[in-house]
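Enquirer: Sharing a sequence plus its predicted fold:
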Amino acid sequence: MDLIIQDYEKYIKETQRLQMENDRLLSKVDELTKQLAVSKTGNTTRPAASTTNMDILKRLSNLERHVFGAQVNNDEGNRF
């Protein structure tokens, strides 16, 4: 019975940790979205139609690196 309680406590702690991580990542996405919106409005010399697929892929890559970078590093250390 004590083992079940310990497992439940670990489950609660992990759920709380994941919720905090999720909140942090959502905040980061919001921040980066705002930065992107500001940079788009401040950059009037380059029309939106000239955005290429490469530009989009670079932005997506940067966003993924910012959002998932810490998570990928943590997952690699916890594999074994």
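Expert: Nice, I can see it.

Enquirer: Near Val29, how many other residues are there?
Expert: Neighbourhood size, Val29 [other Cβ atoms under 10 Å]: 13. To be clear about C-beta, it is placed using only N, CA and C from the backbone, and glycine gets the same treatment.

Enquirer: Grab the most central residue of this structure for me.
Expert: Nearest to the mean C-alpha position of the chain, by Cα atoms, centre = their mean, lies Val67 at 2.3 Å.

Enquirer: quick one: it and Val29 touch, right?
Expert: Yes: contact status for Val67 versus Val29: in contact at 6.1 Å, counting by Cβ atoms under 8 Å.

Enquirer: Pull the distance from stretch 23-41 to the chain's centre.
Expert: 11 Å (Cα atoms, centre = their mean, to the nearest Å).

Enquirer: What's the local residue count around the residue nearest to Phe68 when sequence neighbours are not counted?
Expert: Nearest residue to Phe68, sequence neighbours excluded (Cβ to Cβ, 6 or more residues apart in numbering): Leu25, at 8.0 Å. Using other Cβ under 10 Å, the number of residues around Leu25 comes to 15.

Enquirer: same for the helix or strand that Leu25 is a member of, what does it pack against?
Expert: Counting by DSSP states H and E, the element that carries Leu25 is helix 2-42. Applying 3 or more Cβ pairs under 8 Å, 6 or more residues apart in numbering; DSSP states H and E, we find helix 2-42 packed against helix 53-77.

Enquirer: pLDDT on the helix it packs on, on average?
Expert: Over the span of helix 53-77, the pLDDT mean works out to 75.

Enquirer: And for stretch 22-33?
Expert: What stretch 22-33 shows for mean pLDDT is 91.

Enquirer: Grab the CA positions of that stretch and hand them over as CSV.
Expert: Below are the C-alpha coordinates for stretch 22-33, written out as CSV (Å, rounded to 0.1, in the frame of the first residue of the first chain):
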residue,chain,number,x,y,z
ASN,A,22,3.9,23.6,-20.4
ASP,A,23,3.0,27.1,-19.0
ARG,A,24,6.6,28.2,-19.5
LEU,A,25,6.7,27.0,-23.1
LEU,A,26,3.3,28.7,-23.9
SER,A,27,4.7,31.9,-22.5
LYS,A,28,7.8,31.6,-24.6
VAL,A,29,5.6,31.0,-27.7
ASP,A,30,3.6,34.1,-26.9
GLU,A,31,6.7,36.1,-26.4
LEU,A,32,8.2,35.0,-29.7
THR,A,33,5.0,35.5,-31.5
